[in-house]
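*Asks:* Let me see the structure of the following:
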Amino acid sequence: MTGKPIFSAPRMTFRPAAIMTDEVREQMAERMIGGEHPDQVAKWLSMRGFPADVVRKEITAATRDPFYRGMTKLQTRLRKYEWVLANQRKAAALDPAIGELAHEEKIAPDRFFADYYAHGRPVLIDGLVDHWPAMDLWSLDHIAETLGETKVAVQDGREADADYEYNNLQHERLVPFSALAERFRGTAPTNDFYITANNADRNRDRLAPLYDEIAPIPGILEEGGEQQGFFWMGPKGTITPFHHDLTNNLLVQIAGEKRVKMVAPHDTPLMRNNRHCYSGWSGADLPAGDPEPGKPRVIECTLGPGQALFLPVGWWHHVEGLSLTIGMSFTAFARPNDHYSDYSSHGEM
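*Replies:* Numbers count the residues shown, from 1 in each chain. From the prediction side, this is the model:
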(Lines give C-alpha, C1' and ligand atoms only; values in the text may rest on other atoms or scores of the structure.)
Protein backbone atom coordinates (compact mmCIF):
# COMPACT_ATOMS: atom_id res chain seq x y z
CA MET A 1 0.00 0.00 0.00
CA THR A 2 1.51 3.36 -1.02
CA GLY A 3 0.69 7.03 -0.68
CA LYS A 4 -0.68 8.83 2.35
CA PRO A 5 -1.48 6.53 5.30
CA ILE A 6 -5.21 6.01 5.82
CA PHE A 7 -4.79 6.28 9.57
CA SER A 8 -2.46 7.64 12.22
CA ALA A 9 -1.85 5.85 15.53
CA PRO A 10 -2.16 8.42 18.34
CA ARG A 11 0.56 8.86 20.95
CA MET A 12 -0.18 7.33 24.32
CA THR A 13 1.26 7.46 27.80
CA PHE A 14 3.00 4.40 29.23
CA ARG A 15 0.79 1.63 30.56
CA PRO A 16 1.01 -2.18 30.53
CA ALA A 17 0.49 -3.39 26.97
CA ALA A 18 -2.87 -5.02 26.28
CA ILE A 19 -2.96 -8.42 24.62
CA MET A 20 -4.50 -8.65 21.15
CA THR A 21 -7.07 -11.46 20.93
CA ASP A 22 -9.55 -12.66 18.32
CA GLU A 23 -12.31 -11.15 20.46
CA VAL A 24 -10.69 -7.70 20.20
CA ARG A 25 -10.16 -8.18 16.46
CA GLU A 26 -13.85 -9.05 16.08
CA GLN A 27 -14.84 -5.86 17.93
CA MET A 28 -12.42 -3.91 15.77
CA ALA A 29 -13.91 -5.41 12.60
CA GLU A 30 -17.46 -4.55 13.75
CA ARG A 31 -16.44 -0.94 14.27
CA MET A 32 -14.70 -0.64 10.91
CA ILE A 33 -17.41 -2.40 8.93
CA GLY A 34 -19.96 -0.34 10.85
CA GLY A 35 -18.48 2.81 9.36
CA GLU A 36 -15.86 4.02 11.85
CA HIS A 37 -12.77 5.53 10.23
CA PRO A 38 -9.51 3.65 10.90
CA ASP A 39 -8.28 6.70 12.88
CA GLN A 40 -11.21 6.30 15.26
CA VAL A 41 -10.54 2.60 15.64
CA ALA A 42 -6.85 3.32 16.24
CA LYS A 43 -7.77 5.75 19.03
CA TRP A 44 -10.12 3.15 20.54
CA LEU A 45 -7.36 0.51 20.52
CA SER A 46 -4.84 2.94 22.02
CA MET A 47 -7.22 3.83 24.83
CA ARG A 48 -7.49 0.13 25.59
CA GLY A 49 -3.74 -0.05 26.14
CA PHE A 50 -2.38 -1.29 22.80
CA PRO A 51 1.02 0.15 21.73
CA ALA A 52 1.17 2.28 18.59
CA ASP A 53 3.12 -0.33 16.62
CA VAL A 54 0.50 -3.00 17.42
CA VAL A 55 -2.33 -0.64 16.48
CA ARG A 56 -0.63 0.19 13.18
CA LYS A 57 0.03 -3.46 12.39
CA GLU A 58 -3.50 -4.64 13.19
CA ILE A 59 -5.34 -1.93 11.28
CA THR A 60 -3.06 -2.23 8.26
CA ALA A 61 -3.66 -5.99 8.20
CA ALA A 62 -7.41 -5.49 8.54
CA THR A 63 -7.74 -2.89 5.77
CA ARG A 64 -5.68 -5.03 3.38
CA ASP A 65 -7.75 -8.14 4.07
CA PRO A 66 -9.90 -8.98 1.00
CA PHE A 67 -12.72 -10.06 3.32
CA TYR A 68 -12.75 -6.55 4.81
CA ARG A 69 -12.92 -4.97 1.37
CA GLY A 70 -15.79 -7.28 0.45
CA MET A 71 -17.65 -6.43 3.65
CA THR A 72 -17.30 -2.70 3.03
CA LYS A 73 -19.09 -3.19 -0.30
CA LEU A 74 -21.91 -5.00 1.52
CA GLN A 75 -22.00 -2.18 4.06
CA THR A 76 -22.41 0.33 1.25
CA ARG A 77 -25.30 -1.71 -0.11
CA LEU A 78 -26.88 -1.81 3.37
CA ARG A 79 -26.63 1.97 3.64
CA LYS A 80 -28.51 2.18 0.33
CA TYR A 81 -31.34 0.07 1.77
CA GLU A 82 -31.41 2.24 4.89
CA TRP A 83 -31.63 5.31 2.65
CA VAL A 84 -34.68 3.84 0.92
CA LEU A 85 -36.36 3.14 4.27
CA ALA A 86 -35.47 6.64 5.50
CA ASN A 87 -37.23 8.12 2.46
CA GLN A 88 -40.31 6.00 3.20
CA ARG A 89 -40.19 7.27 6.79
CA LYS A 90 -40.05 10.88 5.58
CA ALA A 91 -42.97 10.30 3.22
CA ALA A 92 -45.04 8.64 5.96
CA ALA A 93 -44.43 11.63 8.25
CA LEU A 94 -46.37 13.81 5.78
CA ASP A 95 -49.56 11.84 6.47
CA PRO A 96 -51.75 13.82 8.93
CA ALA A 97 -52.98 10.49 10.36
CA ILE A 98 -49.51 8.97 10.76
CA GLY A 99 -49.94 8.29 14.48
CA GLU A 100 -53.44 6.88 14.19
CA LEU A 101 -54.56 3.27 13.81
CA ALA A 102 -57.30 2.57 11.25
CA HIS A 103 -60.52 1.30 12.85
CA GLU A 104 -63.19 -0.69 10.99
CA GLU A 105 -66.52 -2.31 11.79
CA LYS A 106 -67.20 -5.79 10.31
CA ILE A 107 -65.09 -5.08 7.24
CA ALA A 108 -65.85 -6.98 4.04
CA PRO A 109 -63.10 -9.46 3.08
CA ASP A 110 -62.43 -7.91 -0.34
CA ARG A 111 -61.91 -4.47 1.18
CA PHE A 112 -59.81 -5.89 4.02
CA PHE A 113 -57.40 -7.48 1.56
CA ALA A 114 -57.39 -4.50 -0.83
CA ASP A 115 -57.01 -1.71 1.72
CA TYR A 116 -54.96 -3.34 4.47
CA TYR A 117 -53.49 -6.76 3.67
CA ALA A 118 -52.08 -5.73 0.28
CA HIS A 119 -50.58 -2.52 1.68
CA GLY A 120 -49.20 -3.91 4.95
CA ARG A 121 -51.35 -1.51 6.95
CA PRO A 122 -52.55 -2.48 10.44
CA VAL A 123 -56.21 -2.11 11.36
CA LEU A 124 -58.38 -2.63 14.43
CA ILE A 125 -61.63 -4.42 13.55
CA ASP A 126 -64.83 -4.64 15.58
CA GLY A 127 -67.56 -7.24 15.10
CA LEU A 128 -65.45 -9.85 13.32
CA VAL A 129 -66.02 -12.60 15.91
CA ASP A 130 -69.38 -11.69 17.43
CA HIS A 131 -70.71 -15.06 16.23
CA TRP A 132 -68.19 -17.09 18.19
CA PRO A 133 -69.57 -19.16 21.10
CA ALA A 134 -66.29 -18.38 22.86
CA MET A 135 -67.35 -14.75 23.22
CA ASP A 136 -70.05 -15.83 25.68
CA LEU A 137 -68.29 -18.86 27.14
CA TRP A 138 -64.60 -18.18 27.62
CA SER A 139 -63.73 -17.22 31.16
CA LEU A 140 -61.27 -18.61 33.67
CA ASP A 141 -64.03 -20.65 35.33
CA HIS A 142 -65.32 -22.09 32.06
CA ILE A 143 -61.87 -23.04 30.79
CA ALA A 144 -60.95 -24.56 34.17
CA GLU A 145 -64.13 -26.64 34.14
CA THR A 146 -63.59 -27.67 30.51
CA LEU A 147 -59.94 -28.68 30.84
CA GLY A 148 -59.89 -29.90 34.44
CA GLU A 149 -56.72 -31.91 35.08
CA THR A 150 -55.62 -31.84 31.44
CA LYS A 151 -51.93 -31.03 31.28
CA VAL A 152 -51.25 -28.01 29.09
CA ALA A 153 -47.99 -26.51 27.88
CA VAL A 154 -47.15 -23.12 29.37
CA GLN A 155 -44.21 -20.72 29.32
CA ASP A 156 -43.08 -20.69 32.95
CA GLY A 157 -40.26 -19.18 35.02
CA ARG A 158 -39.97 -16.19 32.69
CA GLU A 159 -39.20 -13.51 35.27
CA ALA A 160 -35.86 -15.09 36.20
CA ASP A 161 -34.67 -14.84 32.58
CA ALA A 162 -34.25 -11.44 30.95
CA ASP A 163 -34.17 -13.23 27.58
CA TYR A 164 -37.28 -15.35 28.20
CA GLU A 165 -38.85 -14.80 24.79
CA TYR A 166 -35.77 -15.84 22.84
CA ASN A 167 -35.26 -18.77 25.22
CA ASN A 168 -38.90 -19.87 25.03
CA LEU A 169 -38.03 -23.54 24.45
CA GLN A 170 -36.29 -23.63 27.83
CA HIS A 171 -39.40 -22.33 29.59
CA GLU A 172 -42.01 -24.77 28.34
CA ARG A 173 -43.61 -26.85 31.11
CA LEU A 174 -46.53 -29.30 31.17
CA VAL A 175 -48.86 -28.39 34.03
CA PRO A 176 -52.40 -29.54 34.94
CA PHE A 177 -54.72 -26.71 34.06
CA SER A 178 -56.29 -26.93 37.52
CA ALA A 179 -52.94 -25.84 38.98
CA LEU A 180 -52.61 -23.04 36.45
CA ALA A 181 -56.13 -21.86 37.26
CA GLU A 182 -55.11 -21.25 40.86
CA ARG A 183 -52.21 -19.13 39.68
CA PHE A 184 -54.50 -17.23 37.32
CA ARG A 185 -56.73 -16.37 40.25
CA GLY A 186 -53.91 -14.41 41.87
CA THR A 187 -54.36 -10.66 41.78
CA ALA A 188 -50.73 -9.50 41.62
CA PRO A 189 -49.45 -8.64 38.10
CA THR A 190 -46.86 -11.13 36.88
CA ASN A 191 -44.94 -11.96 33.73
CA ASP A 192 -43.79 -15.32 35.09
CA PHE A 193 -46.19 -17.62 33.22
CA TYR A 194 -48.13 -17.37 29.99
CA ILE A 195 -49.77 -19.80 27.54
CA THR A 196 -48.59 -18.51 24.16
CA ALA A 197 -48.26 -19.43 20.50
CA ASN A 198 -44.87 -20.92 21.39
CA ASN A 199 -46.81 -23.72 23.13
CA ALA A 200 -49.12 -24.38 20.18
CA ASP A 201 -47.64 -27.65 18.92
CA ARG A 202 -48.04 -29.38 22.29
CA ASN A 203 -51.39 -27.75 23.08
CA ARG A 204 -53.37 -28.32 19.89
CA ASP A 205 -54.91 -31.63 20.98
CA ARG A 206 -54.99 -30.72 24.67
CA LEU A 207 -57.09 -27.62 23.98
CA ALA A 208 -59.35 -29.29 21.40
CA PRO A 209 -62.58 -28.70 23.43
CA LEU A 210 -61.90 -24.97 23.34
CA TYR A 211 -61.33 -24.97 19.58
CA ASP A 212 -64.88 -26.31 19.22
CA GLU A 213 -66.05 -22.98 20.65
CA ILE A 214 -64.54 -20.75 17.97
CA ALA A 215 -65.88 -20.40 14.45
CA PRO A 216 -64.76 -19.53 10.90
CA ILE A 217 -64.09 -15.98 9.76
CA PRO A 218 -65.34 -16.47 6.19
CA GLY A 219 -63.41 -14.78 3.43
CA ILE A 220 -60.63 -13.57 5.70
CA LEU A 221 -59.30 -16.89 7.02
CA GLU A 222 -59.01 -19.85 4.67
CA GLU A 223 -61.54 -22.64 5.11
CA GLY A 224 -60.69 -24.41 8.36
CA GLY A 225 -58.13 -21.72 9.15
CA GLU A 226 -59.63 -21.07 12.56
CA GLN A 227 -58.58 -24.57 13.61
CA GLN A 228 -54.97 -23.62 12.90
CA GLY A 229 -55.11 -20.71 15.35
CA PHE A 230 -52.91 -20.14 18.39
CA PHE A 231 -54.33 -19.93 21.92
CA TRP A 232 -53.12 -17.24 24.35
CA MET A 233 -53.93 -16.94 28.04
CA GLY A 234 -52.03 -14.94 30.63
CA PRO A 235 -52.39 -12.98 33.86
CA LYS A 236 -52.25 -9.22 34.18
CA GLY A 237 -48.68 -8.07 33.65
CA THR A 238 -47.59 -10.42 30.87
CA ILE A 239 -45.19 -8.85 28.39
CA THR A 240 -44.33 -9.90 24.87
CA PRO A 241 -41.30 -7.70 24.09
CA PHE A 242 -40.78 -5.76 20.90
CA HIS A 243 -40.35 -8.08 17.92
CA HIS A 244 -41.69 -8.58 14.42
CA ASP A 245 -43.34 -11.70 13.06
CA LEU A 246 -42.50 -13.55 9.86
CA THR A 247 -46.15 -13.68 8.75
CA ASN A 248 -49.21 -11.49 8.69
CA ASN A 249 -51.15 -12.03 11.93
CA LEU A 250 -54.69 -11.51 13.15
CA LEU A 251 -54.92 -11.06 16.94
CA VAL A 252 -58.39 -11.76 18.35
CA GLN A 253 -59.19 -10.73 21.92
CA ILE A 254 -61.90 -12.71 23.72
CA ALA A 255 -61.51 -11.72 27.38
CA GLY A 256 -59.53 -8.96 29.07
CA GLU A 257 -57.50 -6.16 27.52
CA LYS A 258 -54.02 -5.82 26.05
CA ARG A 259 -51.97 -2.74 25.23
CA VAL A 260 -50.29 -3.12 21.85
CA LYS A 261 -47.50 -0.83 20.65
CA MET A 262 -46.61 -0.94 16.96
CA VAL A 263 -43.73 0.36 14.84
CA ALA A 264 -43.76 0.42 11.03
CA PRO A 265 -41.19 -1.63 9.06
CA HIS A 266 -39.64 1.53 7.59
CA ASP A 267 -38.41 2.33 11.11
CA THR A 268 -36.51 -0.96 11.37
CA PRO A 269 -33.09 0.80 11.28
CA LEU A 270 -34.14 2.58 14.51
CA MET A 271 -35.35 -0.58 16.29
CA ARG A 272 -32.01 -1.85 17.63
CA ASN A 273 -32.59 -5.21 15.99
CA ASN A 274 -29.92 -7.13 17.88
CA ARG A 275 -30.92 -10.72 17.14
CA HIS A 276 -33.32 -12.52 14.82
CA CYS A 277 -36.64 -10.65 15.02
CA TYR A 278 -36.09 -9.04 18.44
CA SER A 279 -35.41 -5.46 19.48
CA GLY A 280 -33.14 -4.01 22.15
CA TRP A 281 -35.84 -1.48 23.12
CA SER A 282 -38.18 -2.08 26.06
CA GLY A 283 -41.80 -1.00 26.06
CA ALA A 284 -40.99 1.88 28.42
CA ASP A 285 -38.24 3.08 26.06
CA LEU A 286 -40.70 3.78 23.26
CA PRO A 287 -43.81 5.74 24.25
CA ALA A 288 -46.53 6.44 21.72
CA GLY A 289 -46.62 9.78 19.95
CA ASP A 290 -44.05 11.98 18.26
CA PRO A 291 -40.68 10.24 18.59
CA GLU A 292 -37.50 11.55 20.13
CA PRO A 293 -34.46 11.82 17.83
CA GLY A 294 -33.08 8.38 17.06
CA LYS A 295 -36.27 6.60 18.08
CA PRO A 296 -39.12 5.25 15.93
CA ARG A 297 -42.71 6.45 15.88
CA VAL A 298 -44.99 4.24 17.97
CA ILE A 299 -48.71 3.67 17.41
CA GLU A 300 -50.58 2.33 20.42
CA CYS A 301 -54.00 0.76 20.93
CA THR A 302 -55.92 -1.12 23.60
CA LEU A 303 -57.27 -4.41 22.28
CA GLY A 304 -60.50 -5.33 24.06
CA PRO A 305 -63.00 -8.24 24.03
CA GLY A 306 -64.45 -8.94 20.59
CA GLN A 307 -61.84 -6.89 18.75
CA ALA A 308 -59.35 -8.13 16.17
CA LEU A 309 -56.06 -6.45 15.30
CA PHE A 310 -54.43 -7.08 11.94
CA LEU A 311 -50.64 -6.96 12.33
CA PRO A 312 -48.90 -7.01 8.94
CA VAL A 313 -45.66 -8.92 8.48
CA GLY A 314 -42.62 -6.87 9.51
CA TRP A 315 -44.49 -4.56 11.89
CA TRP A 316 -42.72 -4.41 15.24
CA HIS A 317 -45.01 -4.83 18.24
CA HIS A 318 -44.94 -4.97 22.03
CA VAL A 319 -47.90 -6.48 23.92
CA GLU A 320 -48.79 -6.02 27.59
CA GLY A 321 -51.65 -7.72 29.44
CA LEU A 322 -53.71 -5.12 31.30
CA SER A 323 -55.81 -7.83 32.98
CA LEU A 324 -56.21 -11.58 32.77
CA THR A 325 -56.40 -12.09 29.01
CA ILE A 326 -57.69 -14.85 26.74
CA GLY A 327 -57.35 -14.68 22.98
CA MET A 328 -56.36 -16.29 19.71
CA SER A 329 -54.08 -15.39 16.83
CA PHE A 330 -54.24 -16.57 13.24
CA THR A 331 -51.95 -16.71 10.22
CA ALA A 332 -54.07 -18.91 7.89
CA PHE A 333 -55.39 -16.07 5.74
CA ALA A 334 -57.32 -16.61 2.53
CA ARG A 335 -54.41 -15.00 0.66
CA PRO A 336 -50.72 -15.99 0.39
CA ASN A 337 -48.85 -15.53 3.68
CA ASP A 338 -45.50 -17.25 3.23
CA HIS A 339 -42.90 -14.69 4.23
CA TYR A 340 -40.73 -17.07 6.26
CA SER A 341 -39.45 -19.63 3.73
CA ASP A 342 -36.77 -17.24 2.47
CA TYR A 343 -36.01 -15.68 5.87
CA SER A 344 -32.43 -16.43 6.92
CA SER A 345 -31.56 -13.76 9.52
CA HIS A 346 -31.94 -15.90 12.62
CA GLY A 347 -28.62 -15.12 14.30
CA GLU A 348 -27.13 -12.05 15.95
CA MET A 349 -27.23 -8.78 14.04
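
*Asks:* all helices for the stretch 51-200 of the chain, in order.
*Replies:* 52-64, 66-92, 109-112, 134-137, 140-147, 177-184, 200-203 (DSSP state H, counting those that start in this stretch).

*Asks:* my guess is Asp130 meets Pro305, correct?
*Replies:* No. Contact criterion CB atoms under 8 Å: Asp130 and Pro305 do not qualify, at 10.6 Å. In this view, the C-beta of every residue, glycine as well, is placed from N, C-alpha and C.

*Asks:* tell me the domain boundaries of the chain?
*Replies:* The chain is divided into the following domains under automatic domain parsing: 1-94, 98-330.

*Asks:* what distance separates the shortest one from the centre of its chain?
*Replies:* The reference is to domain 1-94. Its chain's C-alpha centre and that of domain 1-94 lie 30 Å apart, by CA atoms, centre = their mean, to the nearest Å.

*Asks:* do stretch 128-141 as well
*Replies:* For stretch 128-141, the distance to the chain centre is 28 Å (CA atoms, centre = their mean).

*Asks:* still on that earlier bit, Asp130 and Pro305 - which one has more neighbours?
*Replies:* Pro305 (16 against 9; other CB atoms under 10 Å).

*Asks:* quick one, phi psi at that one?
*Replies:* phi -50, psi 130 (degrees, to the nearest 10).

*Asks:* from memory it sits against Asp136, does it?
*Replies:* No. Between Pro305 and Asp136 there is no contact under CB under 8 Å: 10.7 Å.

*Asks:* what bridges to the spatially most central residue of the chain?
*Replies:* A centroid search over the chain (CA atoms, centre = their mean) returns His243, at 0.6 Å, as the residue closest to the centre. Counting by DSSP bridges, His243 forms beta bridges with Tyr278, His317.

*Asks:* May I have the predicted confidence score for it?
*Replies:* On pLDDT, His243 comes in at 97.

*Asks:* Do I have it right that it meets Val319?
*Replies:* No. Counting by CB under 8 Å, His243 does not reach Val319; the two are 9.6 Å apart.

*Asks:* Compute the mean per-residue pLDDT across stretch 191-209, please.
*Replies:* 96.

*Asks:* Can you give me the buried ones in that stretch?
*Replies:* Within stretch 191-209, the residues scored as buried using 16 or more other CB atoms under 10 Å are 191-200, 203-204, 206-207.

*Asks:* which outside residues touch that stretch?
*Replies:* 146-147, 150-159, 164, 168-169, 172, 174, 180, 183, 230-235, 237-240, 329 (CB atoms under 8 Å, 6 or more residues apart in numbering).

*Asks:* what about that stretch, start to end distance?
*Replies:* 26 Å (CA to CA, to the nearest Å).

*Asks:* ditto for stretch 231-241
*Replies:* 18 Å.

*Asks:* Nearest to Ile125, out of the helices of the stretch 51-200 of the chain?
*Replies:* Ranking these by proximity to Ile125 (CB to CB) places helix 109-112 first, at 7.8 Å.

*Asks:* so what secondary structure elements neighbour the closest one?
*Replies:* Counting contacts by 3 or more CB pairs under 8 Å, 6 or more residues apart in numbering; DSSP states H and E, helix 109-112 packs against no other helix or strand.

*Asks:* Tell me how far it lies from the chain's centre.
*Replies:* 26 Å.

*Asks:* Ok, stretch 219-238 next?
*Replies:* The answer for stretch 219-238 is 18 Å, by CA atoms, centre = their mean.

*Asks:* Buried residues, that stretch. List them.
*Replies:* Applying 16+ other CB under 10 Å to stretch 219-238 flags 220-222, 225-226, 229-238 as buried.

*Asks:* For the stretch 201-349 of the chain, which residues score under the pLDDT cut-off?
*Replies:* In the predicted model of the stretch 201-349 of the chain, residues 349 satisfy pLDDT under 70.

*Asks:* What segments of it are strands?
*Replies:* In the stretch 201-349 of the chain, the segments counted as strands under DSSP state E, counting those that start in this stretch are 230-234, 239-244, 249-255, 258-263, 273-275, 278-279, 299-303, 307-311, 316-321, 325-330.

*Asks:* Including distance to Thr72, could those go into CSV?
*Replies:* Shown next, in CSV, are these (distance: least, CB to CB, whole Å):
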stretch, distance to Thr72
strand 230-234, 42
strand 239-244, 28
strand 249-255, 37
strand 258-263, 29
strand 273-275, 21
strand 278-279, 26
strand 299-303, 36
strand 307-311, 36
strand 316-321, 29
strand 325-330, 41
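
*Asks:* Quick one: closest of the ones you listed to Asp342.
*Replies:* So among these, strand 239-244 is nearest, using CB to CB, at 15.4 Å.
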